[in-house]
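One predicted model, sequence on top.
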Amino acid sequence: MVSLGIGIEDSSAFQRVYNKFFERYDDGGAPSNISAELMTKYKEYINDRFDSHGFWFALALAQWETGSLDSSVFNKVVEIIVGKTDKDLWQYQDGSVKTQRRIALRSFLNKISRKNQRIRKPYVRPSRFH
C-alpha cells in the first residue's frame, strides 16, 4: 500500500480503482458490470491487507457518485470502518494522525450513507470528426 495521506482517497490502490471505474463508465459501461470487472482485475488488492481498504473505498465512492451504490459494497465499507480493521493499519501512527484518519473515515461513511443528490453522468468525449 502506498498511502500519501490520511484521506480515503490517498492511496495508490484507491486512485487506480477509482480512475479505472470512471474510465470504463465514461466509455459507456454500466456500473454493475464495471464493478464486477474491477473485482476480478484487482483481486490482489481485495486480498491484500493494506490495499483492500483503498479498493473498497474507491469502489464505494464511484458507485455512490453514479447513484449505484451496491449494498454489499456499502456493507464492506461499514465493516472496515465500524469493525476498526482500518484502525489496526494505522496503529503505529501518532495520535493526531489517527484522529485525523478517524475523522476522514467517519466523514466518508456519513457521505455514502446518504443518497447522492448529484448523480455523475458519463463524460461524453467530443468527437474529433463532425
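Nice, I can see it. All figures in this text were calculated on a predicted structure; none of them were measured in a lab.

and the next element down the chain from the least confident helix or strand in the chain by mean pLDDT?
One helix or strand of the chain scores below all others by mean pLDDT, DSSP states H and E: helix 85-89, with a mean of 67. Next along the chain after helix 85-89, taking DSSP states H and E as the criterion, comes helix 95-113.

how far away is the residue nearest the centre of the chain from residue 52?
Centroid-nearest residue in the chain: residue 58, 1.4 Å away (criterion: CA atoms, centre = their mean). Residue 58 is 11 Å from residue 52, where distance means CB to CB, to the nearest Å. (Each C-beta comes from the backbone N, C-alpha and C, glycine too.)

how many other residues sit next to residue 85?
13 (other CB atoms under 10 Å).

For residue 98, see how far away it is.
14 Å.

same thing with residue 110?
With CB to CB as the criterion, residue 110 and residue 98 are 19 Å apart.

And for residue 120?
32 Å.

ok, back up a step: okay, residue 110 and residue 98: which has more neighbours?
Between residue 110 and residue 98, counted using other CB under 10 Å, the more crowded position is residue 98 (15 against 9).

so how far is residue 50 from that one?
Counting by CB to CB, the gap from residue 98 to residue 50 is 16 Å.

hang on, the earlier thing: and the angle from the helix or strand the residue nearest to the centre of the chain falls within to helix 95-113?
Per DSSP H and E, residue 58 falls inside helix 51-65. In terms of direction (axes from the mean of the first three to the mean of the last three CA atoms, to 10 degrees), helix 51-65 departs from helix 95-113 by 40 degrees.

on contacts alone, who are the packing partners of helix 51-65?
Secondary-structure packing of helix 51-65 (3 or more CB pairs under 8 Å, 6 or more residues apart in numbering; DSSP states H and E): helix 12-26, helix 31-41, helix 43-46, helix 71-82, helix 85-89, helix 95-113.
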